[in-house]
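> Using only what follows, build the 3D model:
(chains A, B and C)
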Amino acid sequence: MSASTSHDHHDHHEPNFLQKYVFSTDHKTIGIQYGVTALLFIALGFYLMMVMRWSIAYPHEPLPEWMSWVFTEEWRGRWLQDGKVTGETYNMFGAMHGTIMVFLGVVPLGFGAFGNYVMPLQIGAPDMAFPKLNMMSFWLYFVGGAMMVASFFLESGAAKSGWTNYPPLAQIADSQFVNQLFTGQTQWLLGMVFLISSSLLGSVNVIVTMVNLRAPGLTWFRMPFFCWAMLVIAFLLLLAFPPLEVAAIMQVMDRLTGSSFFMPSGLYTASAGALDVSGGGSPLLYQHLFWFLGHPEVYVLLLPAIACVAEIIPTNTRKPLWGYKSMVWGVMVLGFLSFIVWAHHMYLTGMGPMVSSFFQVTTVLISVPSVILLTSLLISLWGGSIRFNQPMMWAVAFIPMFGIGGLTGLPLAFNLADLHLHDTYYVIGHFHYVVAPGILFGLFAGIYHWYPKATGRHMNNFLGHLHFWPSLIFINLVFFPMLIQGMAGFHRRWYNGGDAYLEKAADGVNVFGLTVLEKIDLNILMSTSAWFLAAAQIPFIVNFFTSWKTGKKVENDNPYDATTLEWATPTPPGHGNFETLPEVYRGPYEYSRPDHDEDYYPQWHEPAVAKKEETADL
Amino acid sequence: MAADSPEALKKQLKLYAAIGGCLFIGTILTVAVAVVPALDFGDRGFSQGDLVIGLLIASVKASLVMYIFMHLNHEKKLIYLIYGMSGFFAICLYFLTKLSFIDPIKYVGFFTGGE
Amino acid sequence: MNEKILDEIPYIVNPRKDTGLFNSKIGIWLFLASEVMLFGGLFSGYIFLRVYADYPWPERVLPILPGLVNTFILIASSVTVVFAWAMLKLGKWNMFRLFMGITIACAAIFMGFKVVEYKAKFEHQGVRLADYTILEGHLHAADVDSHGHIVHDSHGHDAHGEGHDAHKGHDDHGNKEATTVHTSVNNIIFDAKKLTFDLTKVDEKYLETILEQAATHDAKVTFSKDVFSQSEPGVKPVKIISAGDELSYEKLIAAKEAFVAARTHNAAERTAELRRLWKESKAENEGVAGWKQAQDIAIDTDKLALVPAKSSISATVEPHISFVFAPQKVKSYNASSLTRKDGTMVVGSLQKSPMELGIDAVDFTFLVQQAEEMGIDPDDAVEKAWILSHSPAVKAAWEEHKKHVAAIDEAYFQEALKKTDGDEEKAREIANHVPEVEKYRMTWKDLVRYGSHGEINLQWYDGFKGANHKNEEWAAHFPDISIPREQIAFESKFTPRWNNYYAIYFTITGLHGLHIIGGAIVLGYYMFCPNMFRKNPTWLANRVEVAGLFWHFVDLVWIFLFPILYLM
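Residues are numbered from 1 along each chain as shown, chains lettered A, B, ... in the order given. Coordinates of the predicted model:
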């Protein structure tokens, strides 16, 4: 097999440019579309965060030119107060930062891009089971995302009530505008309906593909762990998203038709007085519906990263993945448990001891499969002859970073500790450790790992180092101080980073004995680190785009000497993926087998002993 | 599949029609129970008895649709798995949510100054 | 096995051996699983809203007949869709088209009935009075003259279906003085002298209401002051509006643009100044915390080259006339000023703005609930209700209703007495009785029965759409009333706004309706695939089977929806 085999041996009519690159039904193109779009959204989310960090560190100073040049003069006149970030603008950026990162960035990158690109290759399928639905899934995502981003330019601005959009706050947000349809909050909800439809189509597609299109011989327990993770994610998306859709539809009804699903009776606001609604609804119902999705969503974010790392580690340690079966069972239990832990986000809503204890127990339980996964990855490194190439560096960094994220979550699982830490920077620090240095590192590992397969060229190693090391340092400088600040009682929604608090109660001491005054200077360190972190991504962007055309060519279809099926395809894989229908003879991680000459034994290599008749010529 | 042979299908058609008839009767029954005073269960008007009987009839009807029209009487294992899973989580959603409504923190005594 | 073309997706037509399923069948079941969660979420929502409602949940208030007919239709379509699939399997294309055609027709009829049902509710008015009495009925229409008087002409009582907003009213095209606005009598009537517009929220439709009504009454609305556009100091201001110019949308937009330009300029100036101040401050106070420095930093606006930026603009009404404003579009009002939702402030005086209603139901259950919560005897509270002292017709009906209820209760009591062998106390305990929802609520059928002294006795199947004011025989017994604005606590059409029962009703049935439409489109599409039938009948049969599964699911949802929304 040569690396650059042209793949035109079917007499299909050539697809035109639009069909090939824009409205493509090929899972690989769609995967790349997902990936690039998601990375752009992540860049936008990052930018919003930089503006917020300015407001936190220097709340009284105008936004510097190098950040505010993006906005038009008019926009600045509307949303900045003398050039300073206002509370309203901060809220808007905060809500959209969360939304963009979670729903438009990380999920599409992990599940949309990797799930689409890698999974069908790994199971030896010619494409996804429903290619047209696959395309539709991407475009629904695109439209939903575009709607949300476009709402920045509405008179009302984008959604401002946090990424969770709790009513009644979110409900009455933007209520001063005549046309409720074209307000940021409503657009957020409608955009969400699009995103949910998109992930629904995506998850149906993934499950069907995995159930029905596995290559001959690829039994369930010969599937790479990556595929298992995708399967679990697909089920999470399939079953957890609809309740959020319900919540979104109900909130849209409340906003557009004036119903009171989430509006309690007798609600009174300072600006509007007694609200002219019938009342009788329940804000708590929204929280339940939201977090029923919200918690499985955490694992939707996390599992792609673990999945990527689980592929990269065996390849680069030349050792089988340690505890493959327990990882598979672990990930299934994890998926199952993730459905029944959601109310630990709601300890402060006044749940009684019975319910709190139930969710406390399930929450602590779910750390068991998480630890199984992480420990298996860690032990997989033990005694391996590790190749520290680009993907491996990110994968190895993922393990401790995710470890910090996970362990800092334990105090939050306990009701009593959570009462103090709820809505502080401790929570922010905790889940950002999971999401940013954890998940994003894992996904970066994945990008570096499969980039040669997708483009036929290697990424530049020097730029890779230039990306990795500063990222590792600065991301910790951003997030670690958050844990400390949180214990000092910094609230997550202080748009001025605690200054206003200091004026009122400079010597207030939190239960943990730390004061805001002591820790407020950390704001400047964190913000500065955030900007350096942004700078550290520039090498990646350069690397990503320049290597596409000018990187070192991939000489071999299986450059890493890996064992899973995606390396059996031509590079880059053409339409239909495989030149001959692959057959699978063994498990996914057959490295360094003592009875085999090479240190890897690919799944598709026929066993030498029981050799069947040649099939390659057919 | 034997069920797909023409003879079997023709036999099936009769079954489908019969099930349709059952559904019609079930519907009439539901309404009758609700509007005819002589058939009223429990107290006058809508009460728990009516709730139970109404949902019972609806469940029977729904089962008929699922088993016969949706062919769940002879389906593959995987389908049952998918169906069971969604049913299970829907019930989780309902009961766990209900739990937190049933068991709220009540500030009796301590915060309200003893009542 | 290896011969198949590699870029073709396998198991579209024939099932895979180990799973026994073709792709789309797994796909549809997965989709249905997520639909179970979707409707499961909605049903949970329904239960929570109902169980934890702090107001009396409306029970059995919808006319049953449309729901019943729709249930039959949907069941029939479910049968025909399996028939269609079976015909396809048997290779009978025409029979397939016939049955599929019937299915689609059923879907269309179903949606037709839904439209009728929805429309009846959008025309039905509900109002909650200050004492928690709930009245239902149809709004009357009348003409409002330029002084704000409500003029009842010959067709004033013929108000069905005209509960529209004021701006949809029109002047009479006859030769008589065409200076009235025809509208439903549920508006806030306000005598206006001066209008102030919020430039950031100018809305064309809101403005049109004002312009149209002013035109009807031959009043002139003119700007009170000159407005200049100046985007930079030093540049000569351009006059864009002169005092006395007539109000128009274009002018307001021009003023808005001028305001935004000025705001933009000022913001830039102020930002530059603040930057300069911070630079100075930082040079002087090295090492001092930012929040401490900030206390000494203030922009001196006198030094800056700012231009005037005004976000509002005023206009006067000459001669001043009464405008009618739909209450939903008014944010707040008092005796001398009113603010509309687009921020327009109207200065003048509030006129009498009653709501005129043909009552077709009186509901005291909410009042009773409130009374019970406050420890007041519910029957006493009802007797003191505002409506009973202001409407003799309602009072008369209420007396009848009490008698009616007492008679039923007495009958139950006698029945129970027989069982307990004359033990009155025990009999009272076990006796059936009229529940509160029935005792404290007079439906439109009750009103007709009491009004006609029992001559018209309506059954559950009468009145397909519910209370029908066009039926003169019935409408004669619906009492008319004029409710002063201060008595109205909350009012709405029977839309999702009225209460959460209607909200969940519209949400679930609306979503269900969308599923019907979607399913019908997909199923209908297969009727026009004869080529596919010829080339690959199994594939087509698979598709029909899969779409049919979806159709049955939609039917299944309705099987639960019908009892819980119509019968419970």
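> in which helix or strand would I find the nearest residue to residue A:23 once chain neighbours are set aside?
Distances taken as Cβ to Cβ, 6 or more residues apart in numbering or on different chains place residue A:135 nearest to residue A:23, at 6.1 Å, with adjacent residues excluded. Placement of C-beta: from N, CA and C, glycine included. Secondary structure from DSSP states H and E places residue A:135 in helix A:131-150.
> For the longest helix that chain B contains, which residues meet the burial criterion?
Criterion DSSP state H: the longest helix present in chain B is helix B:6-35. The neighbour-count check on helix B:6-35 (16 or more other Cβ atoms under 10 Å in any protein chain shown) flags B:12, B:16, B:19-20, B:23-24, B:26-27, B:29-31, B:33-35 as buried.
> Only alpha carbons, please: show stretch B:93-100 as CSV.
This file holds the C-alpha atoms of stretch B:93-100, laid out as CSV (Å, rounded to 0.1, in the frame of the first residue of the first chain):
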residue,chain,number,x,y,z
LEU,B,93,-35.8,11.4,35.8
TYR,B,94,-39.3,11.2,37.2
PHE,B,95,-38.7,9.6,40.5
LEU,B,96,-35.5,11.3,41.5
THR,B,97,-36.9,14.6,40.6
LYS,B,98,-40.0,13.8,42.6
LEU,B,99,-37.8,12.8,45.6
SER,B,100,-36.3,16.3,45.9
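> which parts of that stretch are buried?
Across stretch B:93-100, burial judged by 16+ other Cβ under 10 Å covers B:93-94, B:96-100.
> go on, stretch A:509-527?
The neighbour-count check on stretch A:509-527 (16+ other Cβ under 10 Å) flags A:510, A:514-517, A:519-520, A:522-524, A:526-527 as buried.
> Keeping just the C-alphas, turn the helix holding residue A:135 into PDB.
Extracted in PDB, the C-alpha atoms of helix A:131-150 (Å, rounded to 0.1, in the frame of the first residue of the first chain):
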ATOM      1  CA  PRO A 131     -24.100   9.700   5.800                       C
ATOM      2  CA  LYS A 132     -26.800  12.300   4.900                       C
ATOM      3  CA  LEU A 133     -27.900  12.500   8.500                       C
ATOM      4  CA  ASN A 134     -24.300  12.900   9.400                       C
ATOM      5  CA  MET A 135     -24.000  16.000   7.200                       C
ATOM      6  CA  MET A 136     -27.300  17.300   8.600                       C
ATOM      7  CA  SER A 137     -26.000  16.900  12.100                       C
ATOM      8  CA  PHE A 138     -23.000  19.100  11.300                       C
ATOM      9  CA  TRP A 139     -25.100  21.800   9.700                       C
ATOM     10  CA  LEU A 140     -27.600  21.800  12.500                       C
ATOM     11  CA  TYR A 141     -24.700  22.300  14.900                       C
ATOM     12  CA  PHE A 142     -23.400  25.100  12.700                       C
ATOM     13  CA  VAL A 143     -26.700  26.900  12.500                       C
ATOM     14  CA  GLY A 144     -27.300  26.600  16.200                       C
ATOM     15  CA  GLY A 145     -23.800  27.900  16.900                       C
ATOM     16  CA  ALA A 146     -24.200  30.700  14.400                       C
ATOM     17  CA  MET A 147     -27.500  31.800  16.000                       C
ATOM     18  CA  MET A 148     -25.900  32.000  19.400                       C
ATOM     19  CA  VAL A 149     -22.900  34.000  18.100                       C
ATOM     20  CA  ALA A 150     -25.100  36.200  16.000                       C
END
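> now that helix: mean pLDDT?
Mean pLDDT, computed over helix A:131-150, is 96.
> residues from the stretch 351-500 of chain A in reach of chain C?
Residues of the stretch 351-500 of chain A that fall close to chain C, judged by Cβ under 8 Å from any Cβ of the partner chain: residue A:499.
> In the stretch 351-500 of chain A, which residue sits nearest chain C?
Using Cβ to the nearest Cβ, the closest approach of the stretch 351-500 of chain A to chain C is made by residue A:499 at 4.0 Å.
> who touches that residue in this structure?
Residues in contact with residue A:499 (Cβ atoms under 8 Å, 6 or more residues apart in numbering or on different chains) are A:59-60, A:520, C:290-291, C:294.
> now do residue B:23
B:61, B:64-65, C:75, C:78, C:559.
> How much space separates residue C:192 from chain A?
The spacing between residue C:192 and chain A, counted by Cβ to the nearest Cβ, to the nearest Å, is 19 Å.
> same thing with residue C:528?
19 Å.
> center of the chain - which residue?
You didn't pick a chain, so chain A it is. Per Cα atoms, centre = their mean, the C-alpha nearest to the average position across chain A is that of residue A:106, at 2.4 Å.
> Chain C, not that one
Ranked by distance to the mean C-alpha position of chain C (Cα atoms, centre = their mean), the top residue is residue C:495 at 3.2 Å.
> distance of that one from chain A?
Separation of residue C:495 from chain A (Cβ to the nearest Cβ) stands at 6 Å.
> Tell me if I am right that that residue is in a helix.
No. Remark: residue C:495 does not belong to a helix; assigned using DSSP: H, G, I helix; E, B strand; the rest coil, it is coil.
> Indicate the residue of the stretch 1-150 of chain A located nearest to chain C.
Residue of the stretch 1-150 of chain A nearest chain C, by Cβ to the nearest Cβ: residue A:83 (3.1 Å).
> Filter the buried residues of stretch A:509-527 to keep only those in contact with chain C.
Within these, those near chain C by Cβ under 8 Å from any Cβ are residue A:520.
> With respect to residue C:350, which of the buried residues of stretch A:509-527 is nearest?
Within the buried residues of stretch A:509-527, the smallest distance to residue C:350 is 50.4 Å, found for residue A:516 (Cβ to Cβ).
> other SSEs contacting the helix holding residue A:135?
Secondary-structure packing of helix A:131-150 (3 or more Cβ pairs under 8 Å, 6 or more residues apart in numbering or on different chains; DSSP states H and E): helix A:27-57, helix A:184-212.
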